[in-house]
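**Q** sequence first, then the predicted structure, then my questions.
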Amino acid sequence: MTAAATTTAFAARTGGSRHLAGTGTLLRFALRRDRVLIPVWVAVNALMVLSMPGTLEGLYGTAAERADLVRQMETGSSLRAMVGPVFGDSLGALTAWRVGVYAAALAAVMSLLVVVRHTRDEEESGRQELVASGMVGRRAPLTAALLTAAVANGALAALVAAGLAGQGVAGAVALGLGVAGVGMVFATTAAVVAQLTESARLARGLTAGVLGAAFVLRAAGDSASDDGSSVLTWLSPLGWQTNLRAFAAERWWVLVLIAGAAVAQGVVAYGLAGRRDLGMSFLPTRPGPAHGRLGTAGALAWRLQRGSLLGWSVGFLLAGVVYGGMTEGAADLVGDNEQARAVIERMGGQAGLTDAFVSAMVGMLGLIAALYVVASVLRLSGEETSGRAEPVLAGAVGRLRWAAGHLVIAFGGAVLIMVLAGLGFAAGYGKDAGAILGACLVQVPAVWVIGGAAVLLHGVLPRGAVAAWGVAGAVLLLGWVGPALDVPRGVLEVSPFGHLPKVPGRAMSWPPVLVLVLIAGVLVGVGLAGLRRRDVVG
């Protein structure tokens, strides 16, 4: 809806449909290319939202328990910073509170990836120049990219609204539209950034940085106010989704704010697209140093991935601080609720509640680290399909050396961000630094297994390497909602994280950790063997 409105506004302003010629064909092609990525993201996000009412009903089965939870949230500033304020004690309102911010953030990530992939990525690889030589309008690629994001977000909104209609039709529609609307806001943000930058990598990084800033602003605002009224909350699109107040006297006018922001950014993106040459940008990339710093494949990989690693490192450090600050209040939040206590213990082990909470939160950070390692490994796929790998491999650089540079950053970076998360957690908690750091490092072998699966897919099935996101998404879903739904242990152990020892609070068990390291090594080895034997994908 938003992308269509943007297209209509621009077409009316320019008075010419020739600029949009070929949009339908490009849209069909984009949807075909994303036939794995979009369904996986939409399914994971929708399942996370739709599973929450049943989970909450098991945890807080009576109105008195839910009312008590709302009262606790009014005084829990650190918890509000994490998930936002709660505006009602119905199952629908609690669902919107518990997962609304995260569902909107996941929709934003999906949207920015889709838009950058079908705009700046295509220009950077040279494919857009080939397409533009045919009967294709100047702004058709941008329009097709925004419409692709609109289709994905529309499907997500429909699933959320239909799945939660039993909790209240108005609230379900509001939550679905709010989540999808935030996704479209960041789709158009990515469209603007893609015009400003010359690199798809930088476009993704900058848009992700805007998303991170939006999360920080919302967290700071919600920490300061229990009703979402802080100025900082209103400066963030994620805060707009919260202030829509789904299932709690919906504020429908907030949707106008969301739609207005998306349309305004879309118009800016269209205007910029008409004022630059194909492949160029308003912020051209600076040339590298004239001498010496890119003499090896590893140095090149570091140059390409250092910005991403820095962003993840800062994010994990701050997340650790936030989670650490929440630890002291974990017992107060759970109170006498045996169901909530059981969920935390299933996630973090049967030790004392505080240790179980630490283990559960560290486990969540490990699940998110799996997204980092997949993104970093798949940089190999991006370099290969864009044609940039061929000149490197044409010189005195073997395929294994080329891949090794990226894999060192992917697997070593996973260790780094978990160490920083542990340091931040210990700083926020104020004690048990050694135990917490050890618990963070225990997550690394499971993260490596997910990275190994990505290497395997890239090496053996390069066209299907994007399926690694599906693997990471399935693992994230199991770890996120599995314990809350009391999923059988055999199902949870499909994920490598299901085999990790629950530390701190329990004795360290080395055999499963060593087995996971071995599995990761085998996956990487098979993937590299496949990469060595197959043709380079162009």
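**A** Perfect, I can see it now.

**Q** show me what the helix or strand where A46 lies is packed against.
**A** A46 is part of helix 37-50 when elements are defined by DSSP states H and E. Contact here means 3 or more C-beta pairs under 8 Å, 6 or more residues apart in numbering; DSSP states H and E; on that basis helix 37-50 packs against helix 91-118, helix 140-163, helix 169-196, helix 467-481. Placement of C-beta: from N, CA and C, glycine included.

**Q** of all those, which one is nearest L367?
**A** Set against L367 and scored by C-beta to C-beta, the helices and strands packed on helix 37-50 come closest in helix 467-481, at 4.6 Å.

**Q** ok, and what's touching that closest one?
**A** By C-beta atoms under 8 Å, 6 or more residues apart in numbering, the residues outside helix 467-481 that reach it are 36-37, 40-41, 43-44, 47-48, 51-52, 55, 363-364, 367-368, 370-371, 374, 377-378, 450, 453-454, 457-458, 461, 487, 491-492, 494-498.

**Q** any idea how far that helix is from the chain center?
**A** Distance of helix 467-481 from its chain centroid, counting by C-alpha atoms, centre = their mean, to the nearest Å, is 11 Å.

**Q** and stretch 235-247, by the same measure?
**A** With C-alpha atoms, centre = their mean, you get 19 Å for stretch 235-247.

**Q** quick one: end-to-end length of it, please.
**A** This stretch, stretch 235-247, spans 23 Å end to end (C-alpha to C-alpha, to the nearest Å).

**Q** before we move on, what about stretch 494-510?
**A** OK, stretch 494-510 end separation, C-alpha to C-alpha: 19 Å.

**Q** who's in contact with the helix holding A46?
**A** Residues outside helix 37-50 that contact it (C-beta under 8 Å, 6+ apart): 31, 95, 99, 102-103, 106-107, 109-110, 113-114, 148, 151-152, 155-156, 159-160, 163-164, 175, 179, 466, 469-470, 473-474, 476-477, 480-481.

**Q** can you name the next helix or strand after it?
**A** Where DSSP H and E defines the elements, the next helix or strand beyond helix 37-50 is helix 52-59.

**Q** packing partners of the following helix or strand past that following helix?
**A** The helix or strand immediately downstream of helix 52-59 is helix 63-75, counting by DSSP H and E. Helix 63-75 sits against helix 91-118, with contacts defined as 3+ C-beta pairs under 8 Å, 6+ apart.

**Q** report the angle between the helix holding A46 and helix 140-163.
**A** Per axes from the mean of the first three to the mean of the last three C-alpha atoms, to 10 degrees, the angle that helix 37-50 makes with helix 140-163 is 30 degrees.

**Q** could you give me the buried positions within stretch 36-53?
**A** 37-38, 40-53 (16 or more other C-beta atoms under 10 Å).

**Q** residue ranges in the protein under the pLDDT threshold?
**A** Residues of the chain that meet the criterion pLDDT under 70 lie in 1-18, 75-79, 128-129, 132-134, 277-295, 329-353, 481-487, 505, 538.

**Q** let me know the closest of the buried residues of stretch 36-53 to R532.
**A** L37 (26.9 Å).

**Q** CA atoms of stretch 441-458 as PDB?
**A** Provided in PDB are the C-alpha atoms of stretch 441-458 (Å, rounded to 0.1, in the frame of the first residue of the first chain):
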ATOM      1  CA  LEU A 441      31.900 -18.400  25.300                       C
ATOM      2  CA  VAL A 442      30.000 -21.700  25.700                       C
ATOM      3  CA  GLN A 443      27.500 -20.400  23.000                       C
ATOM      4  CA  VAL A 444      30.300 -20.100  20.400                       C
ATOM      5  CA  PRO A 445      30.400 -23.800  19.200                       C
ATOM      6  CA  ALA A 446      26.700 -23.700  18.500                       C
ATOM      7  CA  VAL A 447      27.100 -20.400  16.600                       C
ATOM      8  CA  TRP A 448      30.000 -22.000  14.600                       C
ATOM      9  CA  VAL A 449      27.700 -24.900  13.600                       C
ATOM     10  CA  ILE A 450      25.300 -22.500  12.100                       C
ATOM     11  CA  GLY A 451      28.200 -20.800  10.300                       C
ATOM     12  CA  GLY A 452      29.400 -24.200   9.200                       C
ATOM     13  CA  ALA A 453      26.000 -24.800   7.600                       C
ATOM     14  CA  ALA A 454      26.300 -21.500   5.700                       C
ATOM     15  CA  VAL A 455      29.800 -22.500   4.400                       C
ATOM     16  CA  LEU A 456      28.400 -25.900   3.400                       C
ATOM     17  CA  LEU A 457      25.500 -24.400   1.400                       C
ATOM     18  CA  HIS A 458      27.800 -21.800  -0.200                       C
END
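
**Q** how far is that stretch from where the chain is centred?
**A** 17 Å.

**Q** what's the next secondary structure element after the helix or strand hosting V362?
**A** If you go by DSSP H and E, V362 is part of helix 353-377. Where DSSP H and E defines the elements, the next helix or strand beyond helix 353-377 is helix 379-385.

**Q** and that following helix, what does it pack against?
**A** Counting contacts by 3+ C-beta pairs under 8 Å, 6+ apart, helix 379-385 is packed against helix 297-327, helix 389-394, helix 399-429.

**Q** just say which of the ones you listed is most tucked in.
**A** Each of these was scored by mean neighbour count; the highest is helix 399-429, a mean of 21, by mean count of other C-beta atoms under 10 Å.

**Q** who are the packing partners of that helix?
**A** helix 297-327, helix 353-377, helix 379-385, helix 389-394, helix 433-442, helix 444-460, helix 510-533.

**Q** got the CA positions of the third one in PDB?
**A** Output in PDB follows, covering the C-alpha atoms of helix 379-385 (Å, rounded to 0.1, in the frame of the first residue of the first chain):
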ATOM      1  CA  ARG A 379      29.700 -12.200   2.100                       C
ATOM      2  CA  LEU A 380      31.600 -14.900   0.100                       C
ATOM      3  CA  SER A 381      28.400 -15.500  -1.900                       C
ATOM      4  CA  GLY A 382      28.000 -11.700  -2.500                       C
ATOM      5  CA  GLU A 383      31.500 -11.300  -3.600                       C
ATOM      6  CA  GLU A 384      31.200 -14.200  -6.000                       C
ATOM      7  CA  THR A 385      27.800 -13.400  -7.600                       C
END
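
**Q** which residues make contact with that helix from outside it?
**A** The contact list for helix 379-385, computed with C-beta under 8 Å, 6+ apart, reads 121, 125, 200-201, 301, 304-305, 389, 392, 403, 406-407, 410, 458, 462, 465-466, 536-538.

**Q** output the helices and strands packed on helix 379-385 as CSV; include the columns distance to T354.
**A** As requested, the helices and strands packed on helix 379-385 are exported to CSV (distance: least, C-beta to C-beta, whole Å):
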stretch, distance to T354
helix 297-327, 6
helix 389-394, 48
helix 399-429, 9
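
**Q** my read: A465 touches A453, true?
**A** No - using C-beta atoms under 8 Å, A465 makes no contact with A453, being 10.3 Å away.

**Q** on that earlier part again, and R139, which of the helices and strands packed on helix 399-429 is closest to it?
**A** Nearest of the helices and strands packed on helix 399-429 (C-beta to C-beta): helix 379-385, 24.4 Å.

**Q** and for R534, the neighbour number?
**A** Using other C-beta atoms under 10 Å, the number of residues around R534 comes to 13.

**Q** that one touches H458, doesn't it?
**A** No - assessed by C-beta under 8 Å, R534 is found out of contact with H458, at 10.2 Å.

**Q** what's the nearest residue to P504 if we skip its chain neighbours?
**A** A435 (4.0 Å; C-beta to C-beta, 6 or more residues apart in numbering).

**Q** might one say that the one you found is in contact with M508?
**A** No - contact between A435 and M508 fails when scored by C-beta under 8 Å: they sit 10.2 Å apart.

**Q** who has more neighbours out of the two?
**A** Shown here are A435 and M508; by other C-beta under 10 Å, A435 has more neighbours (17 against 11).

**Q** roughly how far apart are that one and A421?
**A** 14 Å (C-beta to C-beta, to the nearest Å).
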